[in-house]
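J.: After the sequence you'll find the predicted model.
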Amino acid sequence: MKVVLFTLNGSWSHSSLALRCLREDLAAKGHEVVLIEYTLRDRTSHILERLYREKADIYGFSCYIWNLDAMLTVGETLKGLLPESKTVLGGPEVSYGTERFAQMEWIDCIVCGEGEDALCEVCDLIAQKKPLPRMMQGRDVSIAGRGILYRDGEATGGILYYESSRGCPYSCAYCLSSATRGVRMKSVAETLSDMEAFERLNTDFRIIKFVDRTFNADIARANAIWRELLDERFTKHYHFEVCASLLNEESFDILSRFPKGKIQLEFGLQSTNPETLAASSRHIDPIRVIEAVRRVYAMGNIHVHLDLIAGLPYEGYTRFAKSFDDAYGCCDLLQLGFLKLLYGTALREKREEYGYKTLACPPYTVLESRWLSYTEMQKLMRIAEVLERYLESGRFAHALWYLTPLMRSPFAFWEGLSDYLSANDTRPLQKISQPDAFRYLLEYGRDMKGVEEKELKSMLAADFMQHEHKGAPWFLK
């Protein structure tokens, strides 16, 4: 039986680990499996032509919040062109709130939860000409022995994904991982064997991103893997999402010995408000988290991400500014995200109690709550865009190092810059040219108390020439 596994990735640099998990089990059952990946920027007509050309018995669609609407459009259109083919939807975005799809008769089956065994069962039912259930609940599967799942010569982006564990020990109310219980882990030996397999893989990539929700849930196991990755035979860059509170002295010692840039760590803080953390079922000590993150950042050899989420319960605009200030300066990348009320999460069940108003379609971003007005949320979203353009890009490092401490708080600096840009340029931020971005930062900074304009111009000029690879514009001379 011919099975096409299809998804739309966020960008060209991404690849789908989920499709590769499904491919292995289907291929082991003797099915012909074709894996097709596009991005959200690809034209629908090209995608349809490619899918139609296969004329498969089954089309499996892997659905997420970022691609659901486009996937439904492609799926319904393809079903009209190939009515005899079976259409199966799976993935986190269709595993919960399945009543949304009740009227979509073109969908033959929806697989909820883990799909490896379930999709094989769907294929068996079709082969036996038995009726398909409208919904099929997937079963938890072992991830041991699955290998790296990527194959030689596959066209992938610069990031390959790897799963050394499945599940999460925590139950954060905004996260889909809270809908499942327990953690299944590969052994240290198997994980390292897989890392060696990546070294032999004949494809072009730079980063291995571990998709484990909490890589160091078993800290002894995490330390053992990190210790071995110090060896020069492991040449890739490795990204881990970790819990700062679980790092111990052995962890800090091992991490301090990595060559610069070999390891990236992502920490979830989300808020420093105890009431907010309690309502989100996030049982951490924010002070301890920040201390651990700051300690890793101070090593200077590890790229550190730190996440905040705006829109969580009991955190208004002023209190979020406090969380921002608490977190600022202890990481390379301060990620300002926005709460999304995902189907299957505890916070979605409390949306009326908390006064949440969201986008009606994926990704269900919160626009308003009991604690944040729509206007305040939009202001935070604008600040997040300014952060991305100025801080995350790394192209204004000297000038920001000089300017930010001169304001009463980091949040006040970024809020002020956001307001200044809004008042002086009505274009979307991504439409502003790089020279104009430098000019606006100069104009905003020169009026700040304590700023020496000549010194600010010198730093902006250094940033410009370093990153734009051309002479400084006239206003910096």
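T.: Structure received. Just so you know, these numbers come straight off a predicted model, no measurement behind them. Numbering: from 1, shown residues only.
J.: can you list contacts of stretch 382-398?
T.: Taking Cβ atoms under 8 Å, 6 or more residues apart in numbering as the criterion, the residues outside stretch 382-398 that touch it are 310, 333-334, 336-338, 400, 414-415, 417-418, 421-422, 429-430, 432, 434, 437-438, 441, 459-460, 462-463, 467-468. Any C-beta I mention is one placed from the backbone N, CA and C, and that applies to glycine too.
J.: And that stretch, how far out from the chain middle?
T.: Between the mean C-alpha point of stretch 382-398 and the mean C-alpha point of its chain there is a distance of 18 Å (Cα atoms, centre = their mean, to the nearest Å).
J.: If you count neighbours, what's buried in it?
T.: Neighbour counts over stretch 382-398 (16 or more other Cβ atoms under 10 Å) mark 382-387, 389-391, 395-398 as buried.
J.: how about the helices in the stretch 1-150 of the chain?
T.: Taking DSSP state H, counting those that start in this stretch, the helices of the stretch 1-150 of the chain run over residues 17-28, 44-54, 68-81, 116-127.
J.: Tell me which residues of the longest one come out buried.
T.: Right, the one you point to is helix 68-81. Counting neighbours by 16+ other Cβ under 10 Å, one finds that the buried residues in helix 68-81 are L68, A70, M71, L72, V74, G75, T77, L78, K79.
J.: picking that back up, tabulate the helices of the stretch 1-150 of the chain in a markdown table, adding columns for mean pLDDT and distance to I225.
T.: As requested, the helices of the stretch 1-150 of the chain are arranged in a markdown table below (pLDDT from 0 to 100; distance: least, Cβ to Cβ, whole Å):
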| stretch | mean pLDDT | distance to I225 |
| --- | --- | --- |
| helix 17-28 | 95 | 18 |
| helix 44-54 | 97 | 38 |
| helix 68-81 | 97 | 34 |
| helix 116-127 | 95 | 24 |
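J.: And those: which comes nearest A102?
T.: helix 68-81 (13.4 Å; Cβ to Cβ).
J.: would you put the C-alpha positions of the closest one in PDB?
T.: Coordinates of each C-alpha in helix 68-81 appear next as PDB, following Å, rounded to 0.1, in the frame of the first residue of the first chain:
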ATOM      1  CA  LEU A  68      -3.600  23.700  10.400                       C
ATOM      2  CA  ASP A  69      -5.600  26.100   8.200                       C
ATOM      3  CA  ALA A  70      -3.300  25.500   5.200                       C
ATOM      4  CA  MET A  71      -3.400  21.800   5.800                       C
ATOM      5  CA  LEU A  72      -7.200  21.700   5.800                       C
ATOM      6  CA  THR A  73      -7.300  23.600   2.600                       C
ATOM      7  CA  VAL A  74      -4.800  21.300   0.900                       C
ATOM      8  CA  GLY A  75      -6.500  18.200   2.300                       C
ATOM      9  CA  GLU A  76     -10.000  19.100   1.200                       C
ATOM     10  CA  THR A  77      -8.900  20.100  -2.300                       C
ATOM     11  CA  LEU A  78      -6.800  16.900  -2.700                       C
ATOM     12  CA  LYS A  79      -9.700  14.800  -1.600                       C
ATOM     13  CA  GLY A  80     -11.900  16.300  -4.300                       C
ATOM     14  CA  LEU A  81      -9.200  15.400  -6.900                       C
END
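J.: Show me how the chain divides into domains.
T.: Listed domain ranges for the chain are 2-137, 159-372, 390-477 (source: automatic domain parsing).
J.: Please render those as TSV that adds distance to G145 to the earlier fields.
T.: As requested, the domains of the chain are arranged in TSV below (distance: least, Cβ to Cβ, whole Å):
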stretch	distance to G145
domain 2-137	10
domain 159-372	7
domain 390-477	38
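J.: Of the buried residues of helix 68-81, which is the nearest to D218?
T.: Closest approach between the buried residues of helix 68-81 and D218, by Cβ to Cβ: L68, at 33.6 Å.
J.: before we move on, back to that, of the buried residues of helix 68-81, closest to S369?
T.: Nearest member of the buried residues of helix 68-81 to S369, counting by Cβ to Cβ, is L68, at 23.4 Å.
J.: I'd assumed P362 was in contact with that closest one.
T.: Yes. Between L68 and P362 a contact is recorded at 4.7 Å, counting by Cβ atoms under 8 Å.
J.: what residues are shared contacts of those two?
T.: Taking Cβ under 8 Å, 6+ apart as the contact criterion, the residues that touch both L68 and P362 are E93.
J.: Now that we have the contacts of stretch 382-398, which of them are buried?
T.: Burial by neighbour count, judged by 16+ other Cβ under 10 Å, picks out 310, 333-334, 336, 338, 400, 414-415, 417-418, 421, 429, 437-438, 441, 459-460, 463 from these.
J.: Relative to Y420, how far out is the nearest residue to R20 once chain neighbours are set aside?
T.: Counting by Cβ to Cβ, 6 or more residues apart in numbering, the nearest residue to R20 once its immediate chain neighbours are dropped is L149, at 3.8 Å. Summarising the geometry, the distance separating L149 from Y420, computed by Cβ to Cβ, to the nearest Å, is 48 Å.
J.: next one: S178
T.: Note on S178: its distance to Y420, by Cβ to Cβ, is 40 Å.
J.: same thing with G153?
T.: 50 Å.
J.: Show me which of the two is the more surrounded one.
T.: Between G153 and Y420, counting by other Cβ atoms under 10 Å, Y420 is the more crowded of the two (17 against 9).
J.: hang on, the more buried one is in a strand, isn't it?
T.: No. Inclusion of Y420 in a strand is not indicated when DSSP: H, G, I helix; E, B strand; the rest coil is applied; the result is helix.
J.: Look at T156 and tell me its secondary structure.
T.: coil.
J.: My error: substitute V304 in the last question.
T.: Look at V304: counting by three-state DSSP, its state is strand.
J.: ok, now I309?
T.: Under the three-state scheme (three-state DSSP), the conformation of I309 reads as strand.
J.: quick one: L456 and A399 touch, right?
T.: Yes. Under the criterion of Cβ under 8 Å, L456 lies in contact with A399, with a separation of 6.5 Å.
J.: Touching both of these two, which residues are there?
T.: Between them, L456 and A399 share the neighbouring residues G445, with contact defined by Cβ under 8 Å, 6+ apart.
J.: more neighbours, the two?
T.: With neighbours defined as other Cβ under 10 Å, L456 and A399 compare such that A399 has more, 24 against 20.
J.: A18 versus M195, what's the distance?
T.: 21 Å.
J.: before we move on, what about D218?
T.: Between D218 and A18 the computed distance is 24 Å (Cβ to Cβ).
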